[in-house]
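A.B. asks: A structural model of the following input is requested.
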Amino acid sequence: MKHNAEHFLLSKCKNQKFFTKEEQLALISKAKKGCMRSRNLLINSVIRFVIMQAGKYSRRTGIDIEELVSEGVIGTIEAIQKFNLN
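C.D. replies: Numbers count the residues shown, from 1 in each chain. Here you go, the predicted model:
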């Protein structure tokens, strides 16, 4: 079941855009100023990585992948907020 959840989650994000470093920095700057669209674009651009890492950890520990993905998204949001553009 957990393996199926990982495949389902990955199938939902297979067409997500990857951004260049410059695009990421511009999005982070906007997100830090409160732009929800920029924040969501950043989250969606890294969600595939989050899901793959959560899947690996889930298989090792038995923790539900959905819980790990949720924590990964929260961590991404916190990283955006704390990111220093200087």
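
A.B. asks: where exactly do the helices run in this protein?
C.D. replies: 2-12, 21-32, 36-61, 65-82 (DSSP state H).

A.B. asks: Format the CA atom coordinates belonging to the second one as CSV.
C.D. replies: Extracted as CSV, the C-alpha positions of helix 21-32 are listed here (Å, rounded to 0.1, in the frame of the first residue of the first chain):
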residue,chain,number,x,y,z
LYS,A,21,18.7,29.3,-9.8
GLU,A,22,17.8,32.8,-10.9
GLU,A,23,14.1,31.9,-11.2
GLN,A,24,14.2,30.3,-7.7
LEU,A,25,15.8,33.4,-6.1
ALA,A,26,13.2,35.6,-7.7
LEU,A,27,10.4,33.4,-6.5
ILE,A,28,11.9,33.2,-3.0
SER,A,29,12.1,37.0,-2.9
LYS,A,30,8.4,37.3,-3.8
ALA,A,31,7.3,34.5,-1.5
LYS,A,32,9.1,36.2,1.4
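
A.B. asks: centre of the chain versus it, how much separation?
C.D. replies: Centroid displacement of helix 21-32 relative to its chain, using Cα atoms, centre = their mean, to the nearest Å, is 15 Å.

A.B. asks: tell me the contacts of residue 22?
C.D. replies: By Cβ atoms under 8 Å, 6 or more residues apart in numbering, the contact list for residue 22 is empty. The C-beta positions use only the backbone N, C-alpha and C, and glycine is treated the same way.

A.B. asks: before we move on, the earlier item: same list, the helices of the chain, but as TSV with mean pLDDT please.
C.D. replies: Shown next, in TSV, are the helices of the chain (pLDDT from 0 to 100):
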stretch	mean pLDDT
helix 2-12	72
helix 21-32	94
helix 36-61	91
helix 65-82	93
